[in-house]
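Peer 1: Provided below are the primary sequence and the corresponding predicted coordinates.
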Amino acid sequence: MVKTKKLVTISLLVALGLVLHLVERLLPIPQLAPGVKLGLANIVTLFSIYTLPLPDTILVVLLRTLLSSLLGGGVSSMLFSLAGGFSALAVMWITSRARNWFSLPAVSVLGALAHNIGQLFVASIIVGNFAFYSYLPVLIASGAVTGVFVGLVTRLLLDSWKRTGLAAAANYDSAAHKLQGSK
């Protein structure tokens, strides 16, 4: 891919992830449990997994996480975001390769669960106590619901992306192959 096209694509995805992160912070969603969020920015991560090479996807997640932490958090927020973001990325990238076993919403749910576990791990390390894992059932339930939502939205975006011809215009060698058999 031409370097300029690659830079623009990564920049747009990072910007979209930041916008989704900020929109999510502004949404008046009733807080069912502490720490539960929709995870809208993960739409960008999932979209990137299915359309970009892994190094570019890693860059999108890294930049989005760092910038969102700078905009509305701090060092501790950054640690939680990096742990959650890269845990989710690793699990979603691995499971996305097994298209015969995992649908896109299932990949998203597993990513949401990995995100929650990654953040619980950081909390446990900071506090020096693994009692935070007692909160895991709540996070599993919420991760399942939000993961399905994020997966379905991403599926709609990928289908639209293919239908409009943008997938072909993006000229990613791996993208067409990844999308052909995905559920």
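Peer 2: In hand now; what should we look at? Numbers count the residues shown, from 1 in each chain.

Peer 1: quick check: buried residues in the helix or strand containing residue 155?
Peer 2: Here residue 155, judged by DSSP states H and E, is contained in helix 136-163. Neighbour counts using 16 or more other CB atoms under 10 Å place 139, 142-144, 146-151, 153-155, 157-158, 161-162 of helix 136-163 among the buried residues. No exception for glycine: its C-beta is placed from N, CA and C like everyone else's.

Peer 1: can you give me the strands in this structure?
Peer 2: Counting by DSSP state E, the chain has no strands at all.

Peer 1: low-confidence regions, it specifically.
Peer 2: 1, 31-32, 166-183 (pLDDT under 70).

Peer 1: identify the residue nearest the geometric centre of it.
Peer 2: Centrality entry for the chain: nearest residue to the mean C-alpha point is residue 42, 2.6 Å, by CA atoms, centre = their mean.

Peer 1: and for that one, nearest residue in space, chain neighbours not counted?
Peer 2: Residue nearest to residue 42 in three dimensions, not counting chain neighbours: residue 150, with 5.1 Å by CB to CB, 6 or more residues apart in numbering.

Peer 1: pretty sure that neighbour contacts residue 108?
Peer 2: Yes - counting by CB atoms under 8 Å, residue 150 touches residue 108, with 4.8 Å between them.

Peer 1: shared neighbours of these two, anything?
Peer 2: 42, 46 (CB atoms under 8 Å, 6 or more residues apart in numbering).

Peer 1: so the residue nearest to the centre of the chain touches residue 108, yeah?
Peer 2: Yes - the criterion here is CB under 8 Å, and residue 42 meets it with residue 108 at 7.1 Å.

Peer 1: who touches both of the two?
Peer 2: By CB under 8 Å, 6+ apart, the residues touching both residue 42 and residue 108 are residue 150.
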